[in-house]
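Asks: what follows is a protein structure lacking sequence information:
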């Protein structure tokens, strides 16, 4: 914690100096509160200030009620960071200045939010609260979906068909003709299988068997299935493995709740995912409305919205957990093979710590391979349902296309025209979704989407600290994170802080050369290029001595029909052009010579000292 506090102080003094103000009292306050309240002041309490500040930017004035619970108020504005606030607001009236300093806005955000997403475990009480919230959300969704009126469902169906009929038809045909090619994802599963071991699994469900028969999916061919048919264990719906609900670090305030799917279900989900994305890519306007692999369009639209004020950015809370299974059924009601395929690859129960196994009303929790695209399609349908209500006329394709460049969905990051905000929020809430008011902006000049924040067209994004400082060079991940932090701060222009960080890093790794961002060496990035310490004896290329990140893929060898199945699936993907895949980890690993001996995510990373290229 001492290192984090020192980093914060260095950055605060440097920013204050660049802004020609004083941070002395701010530093004393933060030091005192951190000493008495602990690390949670930096990771939980101080970010509350940052979020309140963003809301003040949106409404155009300082609202003391947003700060009063945790920060001292003096003459209608927070006492903390007054030197910075005075460059943004008129402190006597609290009103936003005509030309506020965008750098001051960035400084306040940097100093208050930099530790908000540090990778630290939550307390057991906060984890328990998150699990309770998961269960309560499930009960709420079960109640909400029973309250929808017939006309709501009919309108939802109609708009969904306008948007996705070609996509749904494409996937429906692929399922009917048996052209779904399965794939094992890289993540953990509910039954504990990892890497190559996933190809050895012989558990299947009767629901999967109808559209995705085990003879085609668990074996290279039906001939191999006939030899090992007795080894396949089929599970009826009441005996299926439930998803395993776990918490993973998000912020110290609250963990992220995800659900690990059973191996068999995840296996087919990955195949369906590819076909769904392929179907979306075939429809030109859907490629513009929906994003899955490229966040830049959302970021550019957020920038445009901050400059023109014509586009709003919305963020949803508990987004994936509030996508009702009934909505997905209604959305695909005219395509029976797609509808039943989505049902077969959906887990119906969840094992929640402290609550046992519960039935699910949601389509899927975060962790399902289909969660991301399905929720995006549901959100886009509801957005245009709201737009239709505002226009007071039935939509057609021509009207929908007129919104190209003004509507976009990336997960739960939504961008829409400002004039439709209230009706879209009304429709989202009618279908059980919660709009996060603290992260949704449409009235002022502040916008955020997909990790980028803008004010009046200027980038006010910040550098975040992701891990605690390392205490030893053996802590490879922390070393990598610290070097990344150093380089991000360098390019953000915080050079005094970077100079201090360089000394700290050199205490851990003596060899710390100047390199380009493309270099495999952990080094210092610089606008001046890279350094050369010696020339390669035969290649005559520049070299530097430094630490290179290494990892060891877990050992889990397979052979026989299991190995043949993996190789056949990989060759199929190569033949069909793996460049179309939206995630790097989905690419075939046939280039890895020992992929049948080792597979899966590395359990740890470490660094090795060696001579390597500085670029």
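Replies: It's in. Values in this document were obtained by computation on a predicted structure and should not be read as measured data.

Asks: identify the residues contacting the closest residue to residue 559 other than its chain neighbours.
Replies: Spatial nearest neighbour of residue 559, excluding adjacent residues (C-beta to C-beta, 6 or more residues apart in numbering): residue 596 at 7.2 Å. Placement of C-beta: from N, CA and C, glycine included. Counting by C-beta atoms under 8 Å, 6 or more residues apart in numbering, residue 596 makes contact with 196, 557-559, 563, 566-567.

Asks: so can I have CSV of those residues showing pLDDT, neighbour count and distance to residue 252?
Replies: Formatted as CSV, those follow (pLDDT from 0 to 100; neighbours: other C-beta atoms under 10 Å; distance: C-beta to C-beta, whole Å):
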residue, pLDDT, neighbour count, distance to residue 252
196, 92, 23, 36
557, 89, 14, 40
558, 90, 20, 40
559, 90, 10, 46
563, 91, 18, 44
566, 91, 22, 40
567, 90, 15, 44
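
Asks: among these, which are in helices?
Replies: Members of these lying in helices (criterion: DSSP state H): 563, 566-567.

Asks: between the residues you listed, which is nearest residue 358?
Replies: In terms of C-beta to C-beta, no member of the ones in helices among the contacts of residue 596 lies closer to residue 358 than residue 566, at 34.8 Å.

Asks: how much space separates the residue lying closest to the closest one once chain neighbours are set aside from residue 296?
Replies: Closest residue to residue 566 apart from its sequence neighbours, by C-beta to C-beta, 6+ apart: residue 199 at 5.3 Å. Distance of residue 199 to residue 296, computed by C-beta to C-beta, to the nearest Å: 36 Å.

Asks: who's more crowded, these two?
Replies: More crowded of residue 199 and residue 296, by other C-beta atoms under 10 Å: residue 199, with 22 against 10.

Asks: assign that one to helix, strand or coil.
Replies: Three-state assignment for residue 199 (DSSP: H, G, I helix; E, B strand; the rest coil): helix.

Asks: report the contact partners of it.
Replies: Listed by C-beta under 8 Å, 6+ apart, the contact set of residue 199 reads 184, 558, 562-563, 565-566.

Asks: what is the most widely separated pair among these?
Replies: By the measure C-beta to C-beta, 184 and 563 form the most distant pair in these, at 13.3 Å.

Asks: just the element for residue 71, please.
Replies: Residue 71 is part of no helix or strand when elements are defined by DSSP states H and E.

Asks: returning to that earlier point: the residue nearest to residue 559 falls within a helix, correct?
Replies: No. Assessed with three-state DSSP, residue 596 is coil; it does not lie in a helix.

Asks: can you tell me which of the contacts of residue 596 lies nearest to residue 212?
Replies: Using C-beta to C-beta, residue 566 is the member of these that lies nearest residue 212, at 17.6 Å.

Asks: shaky segments in the chain?
Replies: Residues of the chain meeting the criterion pLDDT under 70: 229, 577-593.

Asks: and it, what are its domains?
Replies: The record's domain split for the chain, according to automatic domain parsing, is 2-116, 126-284+318-393+420-430, 467-556+601-615.

Asks: which among these is found nearest to residue 443?
Replies: Counting by C-beta to C-beta, residue 443 lies closest to domain 2-116 out of the domains of the chain; the figure is 5.4 Å.

Asks: show the end-to-end separation of that closest one, please.
Replies: With C-alpha to C-alpha, to the nearest Å as the measure, domain 2-116 spans 17 Å from end to end.

Asks: then stretch 406-421?
Replies: Stretch 406-421 has an end-to-end distance of 12 Å (C-alpha to C-alpha).

Asks: what's it in contact with?
Replies: Outside stretch 406-421, the residues touching it (C-beta under 8 Å, 6+ apart) are 288-292, 295, 297-298, 301-302, 305, 309-316, 319-320, 372, 375-376, 379-380, 383-384, 386-387, 390, 403, 424, 442, 449-450.

Asks: same check, this time on stretch 261-268
Replies: Under C-beta under 8 Å, 6+ apart, the answer for stretch 261-268 is 180, 182-185, 187, 189-191, 193, 198, 201, 203-205, 208, 212, 217, 240-241, 243, 269, 344-347, 367-369.

Asks: going through the residues you listed, which ones are buried?
Replies: Neighbour-count burial (16 or more other C-beta atoms under 10 Å) applied to the contacts of stretch 261-268 gives 180, 182-185, 189-191, 193, 198, 201, 203-205, 208, 212, 217, 240-241, 243, 269, 344-347, 367-369.

Asks: restricted to helices, list those.
Replies: Using DSSP H, 208, 217, 269, 344 are the members of the buried ones among the contacts of stretch 261-268 that sit in helices.

Asks: closest one of those residues to residue 454?
Replies: Nearest to residue 454, judged by C-beta to C-beta, of those is residue 269 at 35.3 Å.

Asks: what's near enough to touch that closest one?
Replies: Listed by C-beta under 8 Å, 6+ apart, the contact set of residue 269 reads 185, 261, 345, 368-370.

Asks: quick check: the farthest pair among those?
Replies: Pairwise distances across the contacts of residue 269 peak at 12.6 Å for 185 and 345 (criterion: C-beta to C-beta).

Asks: residue 598 against residue 551, yeah?
Replies: No. The criterion here is C-beta atoms under 8 Å, and residue 598 misses it with residue 551 at 10.9 Å.

Asks: compare the two (neighbour count), which wins?
Replies: Legend: neighbour count by other C-beta under 10 Å for residue 598 and residue 551, higher for residue 598 (18 against 11).

Asks: which strand residues bridge that one?
Replies: Per DSSP bridges, residues listed as beta-bridge partners of residue 598: residue 555.

Asks: phi and psi next, for the residue nearest to residue 565 when sequence neighbours are not counted.
Replies: Leaving aside its sequence neighbours, residue 565 sits nearest to residue 220 (C-beta to C-beta, 6+ apart; 4.8 Å). Main-chain dihedrals, residue 220, degrees, to the nearest 10: phi -60, psi -30.

Asks: residue 220: neighbouring residues, count only.
Replies: Residue 220 has 18 neighbours, counted by other C-beta under 10 Å.

Asks: surely residue 461 is in a strand?
Replies: No. Counting by three-state DSSP, residue 461 falls outside a strand, being coil.

Asks: quick check: it touching residue 452?
Replies: Yes. Assessed by C-beta under 8 Å, residue 461 is found in contact with residue 452 at 5.2 Å.

Asks: which parts of the stretch 51-200 of the chain are helices?
Replies: Using DSSP state H, counting those that start in this stretch, the helices of the stretch 51-200 of the chain run over 82-85, 102-113, 124-144, 150-176.

Asks: tell me the bridge partners for residue 543.
Replies: residue 534.

Asks: so how many other residues sit close to it?
Replies: Counted with other C-beta under 10 Å, the neighbours of residue 543 add up to 19.

Asks: and stretch 445-459, how far apart are its ends?
Replies: Stretch 445-459 has an end-to-end distance of 12 Å (C-alpha to C-alpha).

Asks: neighbouring contacts of it?
Replies: Contacts of stretch 445-459 (C-beta under 8 Å, 6+ apart): 54, 57-58, 100, 102, 105, 109, 295, 298-299, 301-307, 309, 311-313, 315, 410, 413, 415, 439, 441, 460-462.
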